[in-house]
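Chemist: sequence and predicted structure below; questions after.
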Amino acid sequence: MANIWKGAPVVEGINARVSAQVEVLGKQGILPTLAIIRVGERPDDLSYERGAMKRCEKLGVQVRQFVLPQDAPHGDLMAVISQVNADPGIHGCLLLRPLPPQMDEEEARRALLPEKDVDGITDGSLAGVFTSTGEGYPPCTAQACLEILDHYGYALQGKRAVVVGRSLVVGKPVSMLLLARHATVTICHTRTQDLPAICRQAEVLVAAAGKPEMITREYLSPGQVVLDVGIHVNAEGKLCGDVNLEDAQSVVEAVTPVPGGVGTVTTSVLAAQVVAAAGKAAK
Ligand code: NAP
(Lines give C-alpha, C1' and ligand atoms only; values in the text may rest on other atoms or scores of the structure.)
Protein backbone atom coordinates (compact mmCIF):
# COMPACT_ATOMS: atom_id res chain seq x y z
CA MET A 1 0.00 0.00 0.00
CA ALA A 2 1.44 3.37 -1.06
CA ASN A 3 2.27 6.17 1.34
CA ILE A 4 -0.13 9.04 0.93
CA TRP A 5 1.89 12.24 0.77
CA LYS A 6 -0.59 14.78 2.09
CA GLY A 7 -0.11 18.49 1.61
CA ALA A 8 -1.00 19.46 5.21
CA PRO A 9 2.39 18.75 6.84
CA VAL A 10 4.15 20.44 3.92
CA VAL A 11 1.96 23.50 4.48
CA GLU A 12 2.80 23.49 8.20
CA GLY A 13 6.51 23.54 7.41
CA ILE A 14 6.22 26.38 4.88
CA ASN A 15 3.94 28.36 7.20
CA ALA A 16 6.38 28.11 10.11
CA ARG A 17 9.17 29.40 7.86
CA VAL A 18 7.01 32.21 6.45
CA SER A 19 5.70 33.33 9.87
CA ALA A 20 9.26 33.66 11.16
CA GLN A 21 10.22 35.75 8.11
CA VAL A 22 7.11 37.95 8.51
CA GLU A 23 8.11 38.62 12.11
CA VAL A 24 11.62 39.68 11.10
CA LEU A 25 10.25 41.96 8.37
CA GLY A 26 7.69 43.39 10.82
CA LYS A 27 10.53 44.50 13.10
CA GLN A 28 11.91 46.48 10.16
CA GLY A 29 8.48 48.09 9.64
CA ILE A 30 7.73 46.06 6.50
CA LEU A 31 4.29 44.54 6.03
CA PRO A 32 4.46 41.99 3.17
CA THR A 33 1.58 42.81 0.85
CA LEU A 34 -0.04 40.92 -2.02
CA ALA A 35 -2.25 42.57 -4.65
CA ILE A 36 -4.90 40.30 -6.14
CA ILE A 37 -6.27 41.52 -9.47
CA ARG A 38 -9.56 39.93 -10.53
CA VAL A 39 -11.74 40.71 -13.52
CA GLY A 40 -15.34 39.52 -13.14
CA GLU A 41 -16.75 36.94 -10.75
CA ARG A 42 -15.66 33.51 -12.11
CA PRO A 43 -16.33 30.91 -9.40
CA ASP A 44 -12.83 29.38 -9.85
CA ASP A 45 -11.22 32.80 -9.35
CA LEU A 46 -13.37 33.57 -6.31
CA SER A 47 -12.55 30.24 -4.73
CA TYR A 48 -8.78 30.58 -5.33
CA GLU A 49 -8.89 34.19 -4.09
CA ARG A 50 -10.69 33.16 -0.89
CA GLY A 51 -8.11 30.42 -0.25
CA ALA A 52 -5.20 32.78 -0.92
CA MET A 53 -6.64 35.49 1.34
CA LYS A 54 -7.28 33.09 4.18
CA ARG A 55 -3.76 31.69 3.99
CA CYS A 56 -2.16 35.15 3.72
CA GLU A 57 -4.18 36.54 6.63
CA LYS A 58 -3.12 33.62 8.81
CA LEU A 59 0.52 34.29 8.02
CA GLY A 60 0.43 38.07 8.47
CA VAL A 61 0.61 38.84 4.76
CA GLN A 62 -1.62 41.77 3.83
CA VAL A 63 -3.91 41.42 0.79
CA ARG A 64 -5.23 44.27 -1.35
CA GLN A 65 -7.96 43.35 -3.82
CA PHE A 66 -8.37 45.10 -7.17
CA VAL A 67 -11.63 44.02 -8.79
CA LEU A 68 -12.80 45.07 -12.24
CA PRO A 69 -16.18 44.29 -13.81
CA GLN A 70 -16.30 41.48 -16.40
CA ASP A 71 -16.89 44.02 -19.21
CA ALA A 72 -14.14 46.46 -18.15
CA PRO A 73 -11.98 47.72 -21.03
CA HIS A 74 -8.42 46.43 -21.37
CA GLY A 75 -7.07 49.91 -20.54
CA ASP A 76 -8.58 49.71 -17.05
CA LEU A 77 -6.66 46.51 -16.34
CA MET A 78 -3.42 48.06 -17.62
CA ALA A 79 -4.03 51.07 -15.33
CA VAL A 80 -4.40 48.74 -12.31
CA ILE A 81 -1.20 46.87 -13.24
CA SER A 82 0.67 50.21 -13.51
CA GLN A 83 -0.68 51.22 -10.10
CA VAL A 84 0.48 47.91 -8.58
CA ASN A 85 3.92 48.23 -10.23
CA ALA A 86 4.37 51.77 -8.93
CA ASP A 87 3.24 51.16 -5.34
CA PRO A 88 6.24 50.37 -3.10
CA GLY A 89 3.83 49.07 -0.44
CA ILE A 90 2.82 46.18 -2.74
CA HIS A 91 5.42 43.42 -2.94
CA GLY A 92 3.66 40.74 -4.97
CA CYS A 93 0.78 40.49 -7.41
CA LEU A 94 -1.56 37.67 -8.39
CA LEU A 95 -3.42 38.30 -11.65
CA LEU A 96 -6.30 35.84 -11.86
CA ARG A 97 -6.70 34.34 -15.33
CA PRO A 98 -8.10 33.62 -17.86
CA LEU A 99 -9.10 37.21 -18.62
CA PRO A 100 -12.28 38.06 -20.56
CA PRO A 101 -11.92 38.19 -24.37
CA GLN A 102 -11.81 42.02 -24.70
CA MET A 103 -8.54 41.98 -22.73
CA ASP A 104 -5.08 41.22 -24.10
CA GLU A 105 -3.68 38.65 -21.67
CA GLU A 106 -0.23 38.70 -23.28
CA GLU A 107 0.12 42.46 -22.85
CA ALA A 108 -1.16 42.29 -19.27
CA ARG A 109 1.23 39.46 -18.44
CA ARG A 110 4.20 41.33 -19.88
CA ALA A 111 3.28 44.60 -18.10
CA LEU A 112 3.71 43.25 -14.57
CA LEU A 113 7.14 43.81 -13.02
CA PRO A 114 8.90 40.43 -12.65
CA GLU A 115 10.02 41.30 -9.12
CA LYS A 116 6.32 41.53 -8.13
CA ASP A 117 5.31 38.48 -10.18
CA VAL A 118 4.85 35.98 -7.34
CA ASP A 119 2.94 33.50 -9.55
CA GLY A 120 5.47 33.15 -12.35
CA ILE A 121 3.45 34.55 -15.26
CA THR A 122 5.91 37.06 -16.75
CA ASP A 123 8.67 36.25 -19.21
CA GLY A 124 11.15 37.51 -16.61
CA SER A 125 9.95 34.97 -14.03
CA LEU A 126 9.95 32.13 -16.55
CA ALA A 127 13.45 33.07 -17.70
CA GLY A 128 14.48 32.85 -14.05
CA VAL A 129 13.02 29.34 -13.84
CA PHE A 130 15.08 28.31 -16.88
CA THR A 131 18.33 29.91 -15.71
CA SER A 132 17.85 29.25 -11.96
CA THR A 133 18.44 32.99 -11.40
CA GLY A 134 16.49 36.20 -11.93
CA GLU A 135 14.10 38.59 -10.37
CA GLY A 136 10.86 36.65 -10.61
CA TYR A 137 9.34 33.55 -9.04
CA PRO A 138 8.24 30.14 -10.36
CA PRO A 139 4.53 29.45 -10.81
CA CYS A 140 3.23 28.48 -7.36
CA THR A 141 1.92 25.05 -8.43
CA ALA A 142 5.25 24.04 -9.95
CA GLN A 143 7.11 25.16 -6.83
CA ALA A 144 4.54 23.32 -4.65
CA CYS A 145 5.62 20.03 -6.28
CA LEU A 146 9.23 20.67 -5.25
CA GLU A 147 8.17 21.65 -1.72
CA ILE A 148 6.37 18.32 -1.36
CA LEU A 149 9.38 16.30 -2.55
CA ASP A 150 11.64 18.26 -0.18
CA HIS A 151 9.31 17.88 2.78
CA TYR A 152 9.14 14.11 2.36
CA GLY A 153 12.94 13.96 2.01
CA TYR A 154 13.02 12.77 -1.59
CA ALA A 155 16.47 13.26 -3.18
CA LEU A 156 16.01 14.10 -6.86
CA GLN A 157 19.61 13.94 -8.02
CA GLY A 158 20.03 11.37 -10.79
CA LYS A 159 16.37 10.27 -10.66
CA ARG A 160 14.30 9.64 -13.80
CA ALA A 161 11.42 12.14 -13.72
CA VAL A 162 8.54 12.11 -16.17
CA VAL A 163 6.18 15.10 -16.44
CA VAL A 164 2.89 14.62 -18.28
CA GLY A 165 1.93 18.08 -19.57
CA ARG A 166 3.90 20.95 -21.10
CA SER A 167 1.87 24.05 -20.17
CA LEU A 168 3.65 27.23 -19.10
CA VAL A 169 1.76 27.14 -15.81
CA VAL A 170 2.76 23.66 -14.68
CA GLY A 171 4.43 21.20 -17.07
CA LYS A 172 7.34 23.26 -18.39
CA PRO A 173 8.27 25.08 -15.16
CA VAL A 174 8.06 21.95 -12.99
CA SER A 175 10.26 20.17 -15.52
CA MET A 176 12.89 22.92 -15.26
CA LEU A 177 12.74 22.91 -11.45
CA LEU A 178 13.29 19.13 -11.45
CA LEU A 179 16.15 19.51 -13.92
CA ALA A 180 17.75 22.18 -11.72
CA ARG A 181 17.80 19.55 -8.97
CA HIS A 182 19.66 17.19 -11.30
CA ALA A 183 16.82 14.84 -12.17
CA THR A 184 16.78 13.42 -15.71
CA VAL A 185 13.54 14.80 -17.07
CA THR A 186 11.23 13.62 -19.85
CA ILE A 187 8.37 15.96 -20.81
CA CYS A 188 5.28 14.32 -22.33
CA HIS A 189 2.26 15.73 -24.18
CA THR A 190 -0.57 14.73 -26.50
CA ARG A 191 1.78 13.68 -29.34
CA THR A 192 3.96 11.49 -27.10
CA GLN A 193 4.09 7.89 -28.34
CA ASP A 194 3.39 5.06 -25.90
CA LEU A 195 2.86 7.30 -22.89
CA PRO A 196 2.14 4.41 -20.47
CA ALA A 197 5.56 2.83 -21.17
CA ILE A 198 7.38 6.14 -20.62
CA CYS A 199 5.45 6.79 -17.40
CA ARG A 200 6.23 3.31 -16.09
CA GLN A 201 9.96 4.07 -16.41
CA ALA A 202 9.66 7.14 -14.17
CA GLU A 203 10.97 7.17 -10.63
CA VAL A 204 9.11 10.46 -10.10
CA LEU A 205 5.93 10.97 -12.11
CA VAL A 206 4.24 14.39 -12.25
CA ALA A 207 0.72 14.20 -13.67
CA ALA A 208 -0.34 17.59 -15.09
CA ALA A 209 -2.39 16.69 -18.16
CA GLY A 210 -5.70 18.04 -16.91
CA LYS A 211 -7.46 14.72 -17.68
CA PRO A 212 -9.46 13.16 -14.84
CA GLU A 213 -7.93 9.88 -13.57
CA MET A 214 -6.10 9.19 -16.85
CA ILE A 215 -3.06 7.79 -15.02
CA THR A 216 -4.23 4.26 -14.34
CA ARG A 217 -2.41 1.05 -13.37
CA GLU A 218 -0.82 0.61 -16.83
CA TYR A 219 1.09 3.93 -16.39
CA LEU A 220 2.49 3.00 -12.98
CA SER A 221 5.21 0.79 -11.54
CA PRO A 222 6.38 -0.20 -8.06
CA GLY A 223 8.73 2.17 -6.23
CA GLN A 224 7.45 5.32 -7.94
CA VAL A 225 6.64 8.65 -6.34
CA VAL A 226 3.61 10.22 -8.03
CA LEU A 227 2.64 13.91 -7.76
CA ASP A 228 -0.90 14.59 -8.94
CA VAL A 229 -1.39 18.19 -10.05
CA GLY A 230 -4.81 17.73 -11.70
CA ILE A 231 -8.00 19.04 -10.12
CA HIS A 232 -11.36 17.90 -11.45
CA VAL A 233 -14.89 17.12 -10.38
CA ASN A 234 -15.74 13.56 -11.42
CA ALA A 235 -19.08 12.10 -12.57
CA GLU A 236 -20.16 11.56 -8.93
CA GLY A 237 -19.48 15.23 -8.16
CA LYS A 238 -16.35 14.44 -6.13
CA LEU A 239 -12.93 16.07 -6.49
CA CYS A 240 -10.32 13.92 -8.23
CA GLY A 241 -6.95 14.35 -9.90
CA ASP A 242 -5.23 13.15 -13.07
CA VAL A 243 -4.26 9.96 -11.24
CA ASN A 244 -6.55 7.08 -10.39
CA LEU A 245 -5.80 7.11 -6.66
CA GLU A 246 -6.99 3.56 -6.04
CA ASP A 247 -4.67 2.18 -8.75
CA ALA A 248 -1.76 4.30 -7.53
CA GLN A 249 -2.26 3.21 -3.93
CA SER A 250 -1.96 -0.43 -4.88
CA VAL A 251 1.13 -0.03 -7.12
CA VAL A 252 3.45 2.87 -6.25
CA GLU A 253 5.62 3.87 -3.28
CA ALA A 254 4.01 7.26 -2.59
CA VAL A 255 1.29 9.42 -4.12
CA THR A 256 -0.18 12.85 -3.39
CA PRO A 257 -3.97 12.73 -2.94
CA VAL A 258 -6.62 14.93 -4.55
CA PRO A 259 -8.06 16.69 -2.67
CA GLY A 260 -5.47 17.36 0.06
CA GLY A 261 -2.27 17.19 -1.99
CA VAL A 262 -0.50 19.61 -4.35
CA GLY A 263 -3.43 22.07 -4.44
CA THR A 264 -3.30 22.68 -0.68
CA VAL A 265 0.38 23.67 -0.84
CA THR A 266 -0.05 26.26 -3.61
CA THR A 267 -1.38 29.17 -1.50
CA SER A 268 1.38 28.73 1.10
CA VAL A 269 3.94 28.92 -1.70
CA LEU A 270 2.20 32.09 -2.88
CA ALA A 271 2.47 33.65 0.60
CA ALA A 272 6.11 32.52 0.84
CA GLN A 273 6.92 34.18 -2.48
CA VAL A 274 5.24 37.45 -1.40
CA VAL A 275 7.35 37.45 1.76
CA ALA A 276 10.49 36.70 -0.27
CA ALA A 277 9.61 39.62 -2.59
CA ALA A 278 9.10 41.90 0.43
CA GLY A 279 12.47 40.80 1.80
CA LYS A 280 14.20 41.55 -1.52
CA ALA A 281 12.47 44.94 -1.79
CA ALA A 282 13.69 45.80 1.72
CA LYS A 283 17.29 45.30 0.60
P1 NAP B 1 -3.32 22.64 -19.81
O2 NAP B 1 -2.85 24.01 -20.11
O3 NAP B 1 -4.59 22.14 -20.38
O4 NAP B 1 -2.15 21.66 -20.27
C5 NAP B 1 -2.31 20.27 -20.27
C6 NAP B 1 -1.06 19.62 -20.82
O7 NAP B 1 -1.23 18.22 -20.75
C8 NAP B 1 -0.78 19.97 -22.29
O9 NAP B 1 0.60 20.16 -22.46
C10 NAP B 1 -1.27 18.73 -23.03
O11 NAP B 1 -0.50 18.43 -24.18
C12 NAP B 1 -1.05 17.63 -22.02
N13 NAP B 1 -2.03 16.56 -22.19
C14 NAP B 1 -3.37 16.67 -22.17
N15 NAP B 1 -3.93 15.45 -22.37
C16 NAP B 1 -2.92 14.59 -22.50
C17 NAP B 1 -2.86 13.20 -22.75
N18 NAP B 1 -3.97 12.46 -22.88
N19 NAP B 1 -1.67 12.63 -22.84
C20 NAP B 1 -0.53 13.35 -22.72
N21 NAP B 1 -0.53 14.67 -22.48
C22 NAP B 1 -1.70 15.28 -22.38
O23 NAP B 1 -3.42 22.39 -18.25
P24 NAP B 1 -2.59 23.06 -17.03
O25 NAP B 1 -3.02 24.48 -16.85
O26 NAP B 1 -1.15 22.74 -17.16
O27 NAP B 1 -3.20 22.25 -15.80
C28 NAP B 1 -3.05 20.84 -15.70
C29 NAP B 1 -3.91 20.33 -14.56
O30 NAP B 1 -3.43 20.91 -13.36
C31 NAP B 1 -5.38 20.72 -14.66
O32 NAP B 1 -6.15 19.66 -14.12
C33 NAP B 1 -5.49 21.92 -13.74
O34 NAP B 1 -6.79 22.05 -13.17
C35 NAP B 1 -4.49 21.56 -12.68
N36 NAP B 1 -3.92 22.71 -11.97
C37 NAP B 1 -3.77 22.55 -10.64
C38 NAP B 1 -3.20 23.54 -9.88
C39 NAP B 1 -2.99 23.30 -8.41
O40 NAP B 1 -2.76 24.21 -7.65
N41 NAP B 1 -3.01 22.04 -7.97
C42 NAP B 1 -2.83 24.75 -10.48
C43 NAP B 1 -2.94 24.88 -11.87
C44 NAP B 1 -3.49 23.82 -12.60
P45 NAP B 1 -0.42 19.38 -25.49
O46 NAP B 1 0.55 20.46 -25.12
O47 NAP B 1 0.11 18.48 -26.56
O48 NAP B 1 -1.81 19.87 -25.72
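Modeler: Ah, there it is.

Chemist: for this protein, what lies in contact range of the ligand?
Modeler: 141, 164-167, 169-171, 188-192, 195, 208-211, 214, 229-232, 262-263, 266 (C-beta under 6 Å from any ligand atom). No exception for glycine: its C-beta is placed from N, CA and C like everyone else's.

Chemist: go again with 8 Å.
Modeler: By C-beta under 8 Å from any ligand atom, the residues of the chain that approach the ligand are 139-141, 144, 164-171, 188-192, 195, 208-212, 214, 229-232, 241-242, 258, 261-263, 265-266.

Chemist: what subset of those is buried?
Modeler: The neighbour count (16 or more other C-beta atoms under 10 Å) marks 139-141, 144, 164-167, 169-171, 188, 195, 208-210, 212, 214, 229-231, 241-242, 258, 261-263, 265-266 as buried among the residues of the chain next to the ligand.

Chemist: quick one: pLDDT of the residue nearest the centre of the chain?
Modeler: Nearest to the mean C-alpha position of the chain, by C-alpha atoms, centre = their mean, lies T141 at 1.4 Å. Listed pLDDT for T141 reads 98.

Chemist: could you list the low-confidence segments of the stretch 1-150 of the chain?
Modeler: By pLDDT under 70, the stretch 1-150 of the chain contains no weakly predicted segment.

Chemist: check it for the residue nearest the ligand and tell me.
Modeler: The ligand sits closest to T141 of the stretch 1-150 of the chain, with a gap of 3.8 Å, by C-beta to the nearest ligand atom.

Chemist: quick one, phi psi at that residue?
Modeler: Torsion angles at T141 (phi, psi; degrees, to the nearest 10) stand at phi -70, psi -40.

Chemist: what's the answer for V185, then?
Modeler: phi -110, psi 130.

Chemist: could you pull out the strands for the stretch 101-250 of the chain?
Modeler: For the stretch 101-250 of the chain, strands defined by DSSP state E, counting those that start in this stretch occupy the ranges 160-164, 184-188, 204-207, 225-228, 232-233, 239-240.
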